[in-house]
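Asks: How does the following fold in three dimensions:
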Amino acid sequence: MDVAVIGGGYVGLVQAAGMAHLGHRVRVGEADPAKLEELEAGRLPIYEKGLAELMDEGRAGGRLTFHGSNVDAASTADVTFLCLPTPPGVDGAADLSVVEAVVRELAHALEAGSIVVIKSTVPVGTTSRLAKRLAGRLRLVGNPEFLREGSAVTDFLRPDRVVIGADDEDAAEVVASLYEGLDARVLRTDLTSAELIKYGANGYLATRLTFVNALANIADSVGADILDVVEGMGLDPRIGPHFLRPGPGYGGSCFPKDTIALLATSRQAGYEFTLLQSVVDADRSQRHWIVGNIRRMLGGDLADKRIGMWGVAFKAGTDDIRESPALKIASMLRSEGAVIAASDPEAHSLDVEMAPDPIAAAKGAELLVVATEWPEFRSVDMTEVAAVMSGTAVYDLRNLLDPARVRNAGLTYQALGRPHA
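Replies: Sure thing, here's the model as predicted:
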């Protein structure tokens, strides 16, 4: 089929490359001239494992092209996917201005009855509201994405489910057929349920992450080992092992935005979602807990203390620094006078001094913080780290390093939730 993807961002590029891999002819509409120039030159504006190869495959096969006009991209499409930003507004509700503007643009340009799929994460009820406003001019379908940064290509090619929300059965059938060839269950729902599935999934996963972080903080205080605790919990089939790794809190483009948006939706619906509000509050307090521990490790005063930080991306496998807990912690430390030098295999930030490698980031540091779980950090020679540091403390927020290797290098080791590791 002929497919258009409007938006050359994270979701849009994975969707476009994935659709081309499945054999469809894909035209990407991207309004940002700088990003469009990069894409036309074969360069990616983001880092995502396997995406460059998938994009190259689509280009080489003549199935993937890029266009500066949304109308040009969608004019001949059987199905048009909207993969547009929905950032949080002042009140926490998603800002739908870009989505609504593109829907209006396409409604005036495309033939009546054209299928437009909302791939963007939008508040519950949005697609139905837009469909009513269009009065049948376009056939709208909801198809939320469930991509994890760092494994998005795998998630597209081997999804655990494809959710399609539609009030038009024929349109739903057309969208479902685009995914033929993938071994995944296709769940068809109404428009509103599809939207709530996305928010519900992210809200629940954020809750799991925050819960295990709270357990890790308790483990710090009572002398338990959080890795043993989560292993024992995860063996229960009712719980499972996923999203039970303690850390400095959630980040990225989804969990922070979607939890706040779901809270806004619940308030508008007249329901006070106190459980989710406590998750958001606890996630924020996690960084304060960590900074408090760092302050104590450095004698109670952070002024002029040099701290090395390994990782600025919000998680390993991506260069995304949006809502990065590492950078939030760095900002809090800097506000108390600390000097931060950071290193990351893929990500870069203007908010901290970026060192060329992990050893350089540790040079002169009184304390080293492991903030992102990049596997590359495991292979760093800790003897070299010890030789360049001015202090000896290592604080592992991801339980990434081997405690024995760190201690054998003459350093002290503390990990989140593992006071006796």
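Asks: use CA for all of it now, contacts and neighbours both
Replies: Fine.
Asks: how close does the residue nearest to residue 75 when sequence neighbours are not counted sit to residue 91?
Replies: Closest residue to residue 75 apart from its sequence neighbours, by Cα to Cα, 6 or more residues apart in numbering: residue 110 at 6.3 Å. Distance, residue 110 to residue 91, using Cα to Cα, to the nearest Å: 34 Å.
Asks: Enumerate every residue touching the residue positioned nearest the centre of the chain.
Replies: Taking Cα atoms, centre = their mean, the centroid of the chain lies closest to residue 252, which sits 3.8 Å from it. Listed by Cα atoms under 8 Å, 6 or more residues apart in numbering, the contact set of residue 252 reads 314, 315, 320, 321, 322, 323, 324.
Asks: State whether the fourth one and residue 344 are indeed in contact, as I suppose.
Replies: No. The pair residue 321 / residue 344 is not scored as a contact, 10.7 Å apart, by Cα atoms under 8 Å.
Asks: which one of the two has more residues nearby?
Replies: residue 344 (25 against 20; other Cα atoms under 10 Å).
Asks: And the pLDDT for the residue nearest to that one when sequence neighbours are not counted?
Replies: Spatial nearest neighbour of residue 344, chain neighbours left out: residue 311 (4.6 Å); criterion: Cα to Cα, 6+ apart. Predicted confidence (pLDDT) for residue 311: 98.
Asks: same question, the one 3 residues further on
Replies: Residue 314 carries a pLDDT score of 97 in this model.
Asks: now residue 91
Replies: So, for residue 91, pLDDT stands at 76.
Asks: just the one 3 residues further on next, same as before
Replies: In this model, residue 94 is scored at 85, pLDDT.
Asks: Spatially nearest residue to it (excluding sequence neighbours)?
Replies: residue 88 (4.4 Å).
Asks: mind listing what the one you found touches?
Replies: 94, 95, 257, 260, 261.
Asks: where along the stretch 1-150 of the chain do the strands fall?
Replies: Ranges of strands in the stretch 1-150 of the chain, per DSSP state E, counting those that start in this stretch, are 2-6, 25-29, 64-67, 79-82, 114-118, 138-142.
Asks: now do the stretch 251-400 of the chain
Replies: 306-310, 339-343, 353-354, 367-370, 393-396.
Asks: In terms of secondary structure, what does the shortest one contact?
Replies: In terms of contacts (3 or more Cα pairs under 8 Å, 6 or more residues apart in numbering; DSSP states H and E), strand 353-354 is packed against strand 339-343.
Asks: okay, the angle between the strand it packs on and strand 306-310?
Replies: 20 degrees (axes from the mean of the first three to the mean of the last three Cα atoms, to 10 degrees).
Asks: picking that back up, how about the residue nearest to residue 75, what does it touch?
Replies: Applying Cα under 8 Å, 6+ apart, the residues contacting residue 110 are 71, 74, 75.
Asks: Distance check, the nearest residue to residue 44 once chain neighbours are set aside against residue 56.
Replies: The shortest distance from residue 44 to any non-neighbouring residue, by Cα to Cα, 6+ apart, is to residue 38 (6.5 Å). Plainly put, residue 38 is 13 Å away from residue 56 if you go by Cα to Cα.
Asks: With neighbour numbers in mind, choose between those two.
Replies: A direct count of neighbours by other Cα under 10 Å for residue 38 and residue 56 places residue 56 higher, at 15 against 12.
Asks: May I have the predicted confidence score for residue 420?
Replies: pLDDT recorded at residue 420 is 64.
Asks: Any idea what residue 396 is bridged to?
Replies: Going by DSSP bridges, residue 396 is paired in beta bridges with residue 370, residue 415.
Asks: That one contacts residue 367, doesn't it?
Replies: No. Between residue 396 and residue 367 there is no contact, the gap being 10.6 Å when judged by Cα under 8 Å.
Asks: Give me the common contacts of these two.
Replies: Residues touching both residue 396 and residue 367 by Cα under 8 Å, 6+ apart: none at all.
Asks: pLDDT weak spots in the stretch 101-250 of the chain?
Replies: Along the stretch 101-250 of the chain, the model assigns pLDDT under 70 to no residue.
Asks: domain ranges for the chain?
Replies: According to automatic domain parsing, the chain comprises the domains 2-190, 224-415.
Asks: how far does the first one sit from the chain's center?
Replies: Once both centres are worked out by Cα atoms, centre = their mean, to the nearest Å, domain 2-190 turns out to sit 17 Å from its chain's centre.
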